[in-house]
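Asker: predicted model, plus sequence, below.
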Amino acid sequence: MNKDFNFTIKSVSLDENYHPANSTRITTNFANLARGDSRQENLRNALKMIDNSFNALAHWDNPTGERYSVELEIISVDMDIDGGGDTFPSIEVLKTNIIDKQTNERIEGIVGNNFSSYVRDYDFSVLLLEHNKGKTQFSIPNDFGELHGKLFKSFINSNTYKQNFNKSPVICLSVSDNKTYHRTENQHPVLGVEYHPNESSLTEQYFKKMGLQVRYFMPPNSVAPLAFYFFGDLLNDYSNLELISTISTMGTFQKIYRPEIYNANAAAGKCYQPNLKNLDHSLTQIVYDRAERSQLAIEQGKFAEEHFIKPYQIVLEQWSADCTF
């Protein structure tokens, strides 16, 4: 069989007029913002927060704090499994682009940022739950995340990816609230102070199967570390402006979705344990339904099972067994 699936990429602007596509996971950060009566105001406010954060970090030669703005593209990746033209929505990520209003230059940012995947929903919200149903001690299924990791690496190594993007992706997530993070002496001018976790998390292990390393940094003006998942060398493969585009974008989303951690009124200290029950935090003026998001993850996982995992099980198992990633 053909070892390479066919990937196609679609791009749509994430602006105040954005409406989620039918194939977009509703729990995705940007799709959640673009729903309900406050959708346009939500999007406008979030994009303004991103611009303000970017300019605060890119403060050199920027006396009024208005030099830059960030444009966001939603990159949707569809996968043709059997070559018949039927596709499954594989992943969605965000691409940043930086507008320098002083030079009228449009600077390519980083692809990745947010990471959305129906198969990940299946793994965590269907497979993992079924595996542990009725058990007194939590455990992880054999080969957990193997298929998803190989599918992701297949896309990153594909001609489709290489033709559309110049650099490897960086995915930026929140820290885990059941880990403790210790501040180190290492400090980067843009990424900020580096933290080390006390132990590996299930998310770290899952992303490792996707080929990604992780480092934790608390950028200037932030109150908690962010998790940066990447290939290669995070500190040297990307420019300061590229890194700032990711920090400002994902830091803003985290303030909206994890205000207890990322909009806390006190910054993380030398020894930091995130707390989702922290009452000493501020809320943004952006409407977001966190309870609905967790409920929908199971529905989305079942969608992946019904439309991808079960119909193509034999093909996927054979491909995964033959895959050398």
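Answerer: Perfect, I can see it now.
Asker: just checking, residue 51 touches residue 71?
Answerer: No. Applying C-beta atoms under 8 Å as the test, residue 51 and residue 71 come out as separate, 10.0 Å apart. Every C-beta, even on glycine, is put in place using the N, C-alpha and C of the backbone.
Asker: which elements pack onto the host helix or strand of residue 153?
Answerer: In this assignment (DSSP states H and E), residue 153 forms part of helix 146-156. Contacts of helix 146-156 with other secondary structure elements, assessed using 3 or more C-beta pairs under 8 Å, 6 or more residues apart in numbering; DSSP states H and E, are made with strand 68-80, strand 87-100, helix 118-122, helix 202-208, helix 313-322.
Asker: please identify the deepest-packed of the ones you listed.
Answerer: Most buried of the helices and strands packed on helix 146-156 by mean neighbour count (mean count of other C-beta atoms under 10 Å) is helix 118-122; its value is a mean of 24.
Asker: ok now it, how far from the chain's centre?
Answerer: The chain centre lies 14 Å from the centre of helix 118-122; the measure is C-alpha atoms, centre = their mean, to the nearest Å.
Asker: find the nearest non-adjacent residue to residue 227, please.
Answerer: Ranked by C-beta to C-beta, 6 or more residues apart in numbering and with sequence neighbours excluded, the top spatial neighbour of residue 227 is residue 173, at 4.5 Å.
Asker: got the confidence number for residue 21?
Answerer: On the pLDDT scale, residue 21 is placed at 72.
Asker: measure residue 130 to residue 119 for me?
Answerer: When C-beta to C-beta, to the nearest Å is applied, the distance between residue 130 and residue 119 equals 15 Å.
Asker: next: residue 194.
Answerer: Taking C-beta to C-beta as the criterion, residue 194 is separated from residue 119 by 31 Å.
Asker: residues in contact with residue 208?
Answerer: 149, 214 (C-beta atoms under 8 Å, 6 or more residues apart in numbering).
Asker: just the strands in the stretch 201-325 of the chain please.
Answerer: Residue ranges of the strands in the stretch 201-325 of the chain, as given by DSSP state E, counting those that start in this stretch, are 213-218, 226-230, 271-272.
Asker: so who does the closest residue to residue 323 other than its chain neighbours touch?
Answerer: What sits nearest to residue 323 in space, not counting adjacent residues and going by C-beta to C-beta, 6+ apart, is residue 150, at 4.8 Å. Taking C-beta under 8 Å, 6+ apart as the criterion, residue 150 is in contact with 209, 319-320, 323, 325.
Asker: quickly find the element holding residue 103.
Answerer: Element membership of residue 103, judged by DSSP H and E, is empty: it is in no helix or strand.
Asker: tally of neighbours for it?
Answerer: Counted by other C-beta atoms under 10 Å, the residues lying close to residue 103 total 9.
Asker: and if you look at residue 159?
Answerer: With other C-beta under 10 Å as criterion, residue 159 counts 10.
Asker: measure it to residue 189 for me?
Answerer: From residue 159 to residue 189 the distance is 36 Å (C-beta to C-beta).
Asker: and residue 64, by the same measure?
Answerer: Residue 64 sits 21 Å away from residue 189, going by C-beta to C-beta.
Asker: between those two, which is the more surrounded one?
Answerer: For residue 64 versus residue 189, neighbours defined as other C-beta under 10 Å are more numerous around residue 189 (10 against 6).
Asker: measure that one to residue 244 for me?
Answerer: Taken as C-beta to C-beta, the span from residue 189 to residue 244 is 10 Å.
Asker: helices of the stretch 151-300 of the chain, residue ranges please.
Answerer: Counting by DSSP state H, counting those that start in this stretch, the stretch 151-300 of the chain forms helices over residues 159-164, 202-208, 240-257, 259-262, 290-304, given from the N-terminal end onward.
Asker: what helices or strands is the shortest one leaning on?
Answerer: Counting contacts by 3+ C-beta pairs under 8 Å, 6+ apart, the secondary-structure elements packed against helix 259-262 are helix 240-257.
Asker: sorry, back to before: select, out of the helices and strands packed on helix 146-156, the one closest to residue 44.
Answerer: Residue 44 lies closest, by C-beta to C-beta, to one member of these: strand 68-80, at 12.8 Å.
Asker: which neighbouring elements make contact with that closest one?
Answerer: Here strand 68-80 touches strand 6-14, helix 39-57, strand 87-100, strand 105-117, helix 146-156, helix 240-257, going by 3+ C-beta pairs under 8 Å, 6+ apart.
Asker: can you say which of the strands of the stretch 201-325 of the chain is packed in most?
Answerer: When the strands of the stretch 201-325 of the chain are scored by mean count of other C-beta under 10 Å, the highest mean neighbour count falls to strand 226-230 (a mean of 23).
Asker: tell me where the model's unsure across this structure.
Answerer: Residue ranges of the chain with pLDDT under 70: 1-3, 23-29, 288-294.
Asker: could you redo the last one with a cut-off of 80?
Answerer: Counting by pLDDT under 80, the chain contains low-confidence ranges at 1-4, 20-38, 82-85, 287-296, 324-325.
Asker: sounds good, over and out.
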